[in-house]
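Colleague: coords please:
(one chain, ligands or ions: 2)
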Amino acid sequence: MPISNALLSKLKDPSLVIDKALIAGEWVATSDSGKTFDVTNPANGDVIATLPDMNRAETARAIDAAYKAQKIWAAKTGKERAGVLRKLYELMVANADDLATILTMEMGKPLAEAKGEILYGASYVEWFGEEAKRVYGDTIPGHQPDKRIIVIKQPIGVVAAITPWNFPNAMLARKMAPAVAAGCAMISKPAAETPLSALSLALLAERAGVPAGIFNVVTSKDSSSIGKEFTENDKVRKLTFTGSTNVGKILMRQGADQIMKLGLELGGNAPFIVFDDADLDAAVEGAMVSKYRNNGQTCVCANRLYVQAGVYDAFAEKLAAKVSAMKVGDGFEAGVNAGPLITRAAVDKVEEHISDAVSKGAKVATGGKPHEKGGLFFEPTILTGVTTDMLVAREETFGPVAPLFKFETEEQVIEMANNTEFGLASYFYSKDMSKIFRVAEALEYGMVGINTGLISTEVAPFGGIKQSGQGREGSKYGIEDYIEIKYMCLSI
Ligand SMILES: NC(=O)c1ccc[n+]([C@@H]2O[C@H](COP(=O)([O-])OP(=O)(O)OC[C@H]3O[C@@H](n4cnc5c(N)ncnc54)[C@H](O)[C@@H]3O)[C@@H](O)[C@H]2O)c1
Ligand SMILES: O=C[C@H](O)CS(=O)(=O)O
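Modeller: Numbering: from 1, shown residues only. Ligands and ions are numbered 1, 2, ... in the order given. Below you'll find the model as predicted:
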């Protein structure tokens, strides 16, 4: 199928939509097998593009090209790499409207959110363009009179990347930028649901001067085969993965034989705690952005909302007033703040969580069923009277459902909040400074939002503990995941 005119007609620069993979600087229209797969618009099911369905042989060629190109790229200065990333940042910002349009059509999120994601992804490119010049080593006082010790930092080499559909630009940008900044080369495999955003980023990278072979994009529906090539090919030194914890475990097992270095940004089950002394209106605003951003399809979404008994009814009432006013619809429609879910399976999981909770005694305060628009649209939902025996307490819903749990004491809510294998993001609202430090230090999560529901920024270390992953993306820590330390001992 040619690229749909419904998409091309919305763009200032239609060349930004590419239905080809990028391997060794060549745009490849067909896979070795000739197989293809369609990309569809989740708002209406229309096919918007058809991509080559590649496999291990094409991936191996991309890895070979990356291996050759990386040595040349690593020999550039940090300042030269910084200049290319700065140009990419400028191109992303200049083309943000078109990139957002492509993203909304393949993923479904409202256009304003898609624009926000593009600028968020661009902020990582800007940040690591600056960090490229600051990969400092050390000199260490020798342990013997004739010894001089020098520590240098070198790029890890060829990096493989696998990214999810929910933030198809930003999740790739925050991997590609530090890798390129450090002097690595990357082969990326975007989610089959949303490859166009990755390909448009690759096109802008090419225009910015990222050399052939340094940033490759392999398109495929056979993600497990591509993952096997990534973890079994000895030219690949690191795999950075963003996605579900279950797939993260599969990749860890596959990479074990190579002692593969892994960056894992995995699933979450964020607690959102509202104490009696919270600013309730602020807590409601925070819950709205934390829970319903990207229609709840966000790894750091509030998944369990714990509200202290003294404010439970007031919070539930205020939140229900906001949620029931949300507008559900096509992401291109003015005023829409909840688009379609990504697949039928996503809708089924939301319905399963709601029916399980209701069957165990929860009440639907608002929403609770598929939207009258049909398809993949679902009513933003609040559940009250939720208890810890329900699926919503244990599993990541990944949809627009806010389950409200009631709690009595600080000790009780800390125990409930930490009672999960996940440890990505957490949030709480209180005005008591002593309580703020006690609770923040007691929560077993990589990230804690205090009196805010939105914590994601390029300047801070994003990542989780426990089964939410390992490594950090963004911040002064982020580039270290793409660096190897070398210790040189000089006898004079
Ligand atoms: N921690 C974070 O920063 C972060 C960010 C976004 C999403 N996520 C998590 O991702 C999940 C939702 O995204 P999803 O449904 O795309 O996750 P997913 O794990 O199903 O897929 C993620 C990526 O992995 C690929 N994949 C799937 N099976 C694979 C295999 N066997 N081998 C290699 N690759 C494989 C997919 O094609 C996709 O590109 C949620 O759990 C969410 O919490 C985490
Ligand atoms: O899905 C989770 C992503 O990391 C999105 S964000 O970084 O929180 O915007």
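
Colleague: tell me which parts of this structure are close to ligand 1?
Modeller: Within the chain, the positions adjacent to ligand 1 are 162-167, 171, 189, 191-192, 223-224, 227, 242-244, 247, 250, 265-268, 299, 396, 398, 424, 469 by C-beta under 6 Å from any ligand atom. Any C-beta I mention is one placed from the backbone N, CA and C, and that applies to glycine too.

Colleague: now the stretch 151-300 of the chain against ligand 2: closest residue?
Modeller: residue 299 (3.5 Å; C-beta to the nearest ligand atom).

Colleague: kindly report the same for the stretch 1-150 of the chain.
Modeller: Nearest residue of the stretch 1-150 of the chain to ligand 2, counting by C-beta to the nearest ligand atom: residue 120, 6.1 Å away.

Colleague: quick one on the thing from earlier: excluding chain neighbours, what is closest to the residue of the stretch 151-300 of the chain closest to ligand 2?
Modeller: residue 268 (4.6 Å; C-beta to C-beta, 6 or more residues apart in numbering).

Colleague: try residue 360
Modeller: Using C-beta to C-beta, 6+ apart, the nearest residue to residue 360 is residue 390, at 5.3 Å.

Colleague: residues touching the residue nearest in space to the middle of the chain, list them.
Modeller: Closest to where the C-alpha atoms of the chain average out (C-alpha atoms, centre = their mean) is residue 171, at 4.1 Å. By C-beta atoms under 8 Å, 6 or more residues apart in numbering, the contact set of residue 171 is 163, 164, 242, 265.

Colleague: what's the answer for residue 404, then?
Modeller: By C-beta under 8 Å, 6+ apart, the contact set of residue 404 is 305, 307, 312, 315, 316, 319, 365, 382, 383, 384, 385, 386.

Colleague: confirm it sits in a strand?
Modeller: Yes: assigned with DSSP: H, G, I helix; E, B strand; the rest coil, residue 404 falls within a strand.

Colleague: tell me how far it lies from ligand 2.
Modeller: Using C-beta to the nearest ligand atom, to the nearest Å, residue 404 is found at 22 Å from ligand 2.

Colleague: got the buried residues for the host helix or strand of residue 435?
Modeller: If you go by DSSP states H and E, residue 435 is part of helix 433-442. Going by neighbour count (16 or more other C-beta atoms under 10 Å), the buried part of helix 433-442 is 436, 439.

Colleague: relative to residue 193, how far out is the residue nearest to residue 377 when sequence neighbours are not counted?
Modeller: Nearest non-adjacent residue to residue 377, counting by C-beta to C-beta, 6+ apart: residue 371, 3.8 Å away. The gap separating residue 371 from residue 193 is 20 Å, by C-beta to C-beta, to the nearest Å.

Colleague: what do you get for residue 13?
Modeller: According to C-beta to C-beta, residue 13 stands 23 Å off from residue 193.

Colleague: between the two, which is the more surrounded one?
Modeller: Shown here are residue 13 and residue 193; by other C-beta atoms under 10 Å, residue 193 has more neighbours (19 against 13).

Colleague: so that one touches residue 106, yeah?
Modeller: Yes: with contact defined as C-beta atoms under 8 Å, residue 193 counts as touching residue 106 (7.1 Å).

Colleague: any residues in contact with both of the two?
Modeller: By the contact definition C-beta under 8 Å, 6+ apart, residue 193 and residue 106 are jointly contacted by residue 39.

Colleague: so what pLDDT did the closest residue to residue 401 other than its chain neighbours get?
Modeller: Closest residue to residue 401 apart from its sequence neighbours, by C-beta to C-beta, 6+ apart: residue 381 at 4.6 Å. Predicted confidence (pLDDT) for residue 381: 98.

Colleague: over to residue 381: give its phi and psi.
Modeller: Torsion angles at residue 381 (phi, psi; degrees, to the nearest 10) stand at phi -130, psi 140.

Colleague: who's in contact with it?
Modeller: Here residue 381 is in contact with 323, 350, 354, 364, 366, 367, 368, 400, 401, 402 (C-beta under 8 Å, 6+ apart).

Colleague: residue 455: how many residues sit nearby?
Modeller: 17.

Colleague: and if you look at residue 46?
Modeller: Neighbour count for residue 46, taken as other C-beta under 10 Å: 14.

Colleague: the one 3 residues further on now?
Modeller: Using other C-beta under 10 Å, the number of residues around residue 49 comes to 25.

Colleague: so that it lines up with my notes, have the first residue be 841 from now on.
Modeller: Done: numbering now begins at 841, and the last item shifts to residue 889.

Colleague: wait, doesn't it sit right on residue 878?
Modeller: Yes: checked against C-beta under 8 Å, the pair residue 889 and residue 878 is within contact range at 7.4 Å.

Colleague: so what sits against both of the two?
Modeller: Contact criterion C-beta under 8 Å, 6+ apart; residues shared by residue 889 and residue 878: residue 841.

Colleague: how about the secondary structure of residue 890?
Modeller: Here residue 890 is recorded as strand under three-state DSSP.

Colleague: max-length helix in this protein?
Modeller: Looking across the chain with DSSP state H, the single longest helix is helix 951-971.
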